[in-house]
Structure formats: structure tokens, C-alpha cells
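Trainee: Structure for this input, please:
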Amino acid sequence: YGERSVPAPVVKTERTASPTLPKAASPPPVKATPSAPTPDEAEWIFADWLETMRKKMEHDHLRVLDLFRECDQNGDGQVSREELATFLESCHHPMSKNDIRIVMDYIDTDQSGMIDYKEFSHRVHRKRYGSASSDKSRLASSGAAAGDVS
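Mentor: Next up, the predicted model:
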């Protein structure tokens, strides 16, 4: 008769965890910050904003003062970023926070963080009789030459 082989018993061995090396400290995550626009990009963003303001003035037959008062929602004589953003949304022309910051910086010549009527009227009125769309065309055709567009 034949011999039966008995399987060898299975012996479980405990695995010891291999020593882990300390992890190198990873650098903190870098937040993406909007890069500063070139003067040409800032002018382009301002021209877009100005075109929106002019269309609003023409459509609603507003003076610069009337437009300022619509932007100044709390009536304190100054326009904040939040007020400007809310006003632009009401005009169906929302802008990114970065674009609003650029427009604010462009208009807020005393760098107070608020736009007063004098600053507002200076920027809107200086181009009131020119065309913001023609400014855009001129910027595009000139390769967006640097400098203040008047």
C-alpha cells in the first residue's frame, strides 16, 4: 500500500515592521495668488469697467454724480470694494475680486481703500466724451502700448 504524506504544518511567523525612516518635512502648500497685472492689463480691465459705467449712464440717462450715488449704496460718500462688486452684479456685469481690486486701485488715487466722488468723477469724466470701446480697440491695435490712455 502507499504511504500517505502528511502536509507539513503551516507555521505563521510574525513580521516585524521594518524600521521607518523619518519623513522629510514637506514645504507648506503654496497658495496661488493672482499675479500683479501689467499696466496694459490693468488699463484693459479699467476700460472694460468704464465701458460698463458708460452704458449704464447712457441707458439710464445718468450723470456721473447719479452713477456714483448708485454705487455708494450706504450713502456715506464713499464706494467700497463690496459696494462696487454689488453694483456691478446689479448691472449684470460681475467682475472677479482681482479685477475689482485692480479697478479700485486704479481709481483710488489717495490709496484710502475707498473711492470718493472726486476720484470717481475724475476717472469716469476724463473719458466720458471718449469711447471706452475705442480705447480697447486702440490698445489692441497698438499691442497694448504702455502708458496712460487718455
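Trainee: Assumed R101 was part of a helix.
Mentor: Yes - note on R101: a helix contains this position according to DSSP: H, G, I helix; E, B strand; the rest coil.
Trainee: next structured bit after the helix or strand hosting E41?
Mentor: Using DSSP states H and E, E41 maps to helix 39-60. Under the assignment DSSP H and E, the closest C-terminal helix or strand after helix 39-60 is helix 64-71.
Trainee: could you give the angle of that next one to helix 39-60?
Mentor: For helix 64-71 against helix 39-60, the angle between stretch directions is 100 degrees (axes from the mean of the first three to the mean of the last three CA atoms, to 10 degrees).
Trainee: Just list what helix 64-71 packs against, helices and strands only.
Mentor: helix 39-60, helix 81-90, helix 117-125 (3 or more CB pairs under 8 Å, 6 or more residues apart in numbering; DSSP states H and E). Just so you know, the C-beta spots here come from the backbone N, C-alpha and C atoms, and that holds for glycine as well.
Trainee: Which elements pack onto the helix holding E41?
Mentor: For helix 39-60, the elements it packs on are helix 64-71, helix 97-107, helix 117-125, helix 132-141, judged by 3+ CB pairs under 8 Å, 6+ apart.
Trainee: Check which residues of that helix are buried.
Mentor: Applying a neighbour-count criterion of 16 or more other CB atoms under 10 Å, the buried positions in helix 39-60 are 40, 42-54, 56-57.
Trainee: Return the residues in contact with E70.
Mentor: 56, 62, 87 (CB atoms under 8 Å, 6 or more residues apart in numbering).
Trainee: pLDDT and distance to M114 added to those residues, as JSON lines?
Mentor: Formatted as JSON lines, the entries for those read as follows, by pLDDT from 0 to 100; distance: CB to CB, whole Å:
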{"residue": "K56", "pLDDT": "91", "distance to M114": "21"}
{"residue": "L62", "pLDDT": "93", "distance to M114": "21"}
{"residue": "F87", "pLDDT": "94", "distance to M114": "14"}
